[in-house]
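[1] when you get a sec, could you give me coordinates for this:
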Amino acid sequence: MPAPHAPGLRRRLRSGDRLFGCFAFLPNATAVEVLGRAGLDFVIVDLEHGGKAWETVEDMVRAAEVSGMHALVRVPSHDPVHITHALETGAEGIVLPFVESAE
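    Here you go, the predicted structure:
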């Protein structure tokens, strides 16, 4: 089993590391684990373009962690309930849809 990811995603991004990852549209933790074992650095579990049960999202985040990948969740909206729930799955961060500027 690969070692857990270290250092954290934020540190790796700030240091300029080149990271490779992809979106996970399929509601399948095994597929996420395969991506991690293939050597990807991160996965974005997508909730914007298809609903998934929160239990499935938690399983997908856990699969990323055990395979040494960073996990993010793209939430369906800017609703604080979605954001909080996504972070409670254990994801290292969220991806917000429809962001067009830093403001």
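
[2] surely Leu40 meets Phe23?
    No: taking CB atoms under 8 Å as the definition, Leu40 is not a contact partner of Phe23, at 11.0 Å. In this view, the C-beta of every residue, glycine as well, is placed from N, C-alpha and C.

[3] CA atoms of stretch 77-95 as CSV?
    Taking C-alpha atoms only, stretch 77-95 is exported to CSV below (Å, rounded to 0.1, in the frame of the first residue of the first chain):
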residue,chain,number,x,y,z
SER,A,77,-23.7,25.2,-5.7
HIS,A,78,-22.3,27.8,-3.3
ASP,A,79,-24.8,26.8,-0.6
PRO,A,80,-23.0,26.6,2.7
VAL,A,81,-24.8,23.4,3.6
HIS,A,82,-23.2,21.7,0.5
ILE,A,83,-19.8,23.1,1.3
THR,A,84,-19.9,22.1,4.9
HIS,A,85,-21.1,18.6,4.1
ALA,A,86,-18.4,18.1,1.5
LEU,A,87,-15.7,19.1,4.0
GLU,A,88,-17.2,16.8,6.6
THR,A,89,-16.5,13.8,4.2
GLY,A,90,-12.8,14.3,4.9
ALA,A,91,-12.0,16.0,1.6
GLU,A,92,-9.0,18.4,1.7
GLY,A,93,-11.0,21.1,-0.1
ILE,A,94,-13.8,22.0,-2.4
VAL,A,95,-14.2,23.2,-5.9
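
[4] in it, what's buried?
    82, 85-86, 89, 91-95 (16 or more other CB atoms under 10 Å).

[5] what's the farthest-apart pair in those residues?
    His82 and Glu92 (16.4 Å; CB to CB).

[6] isn't Gly90 up against Arg62?
    Yes: counting by CB under 8 Å, Gly90 touches Arg62, with 6.8 Å between them.

[7] point out where this protein drops to low pLDDT.
    For the chain, applying pLDDT under 70 flags the ranges 1-7.
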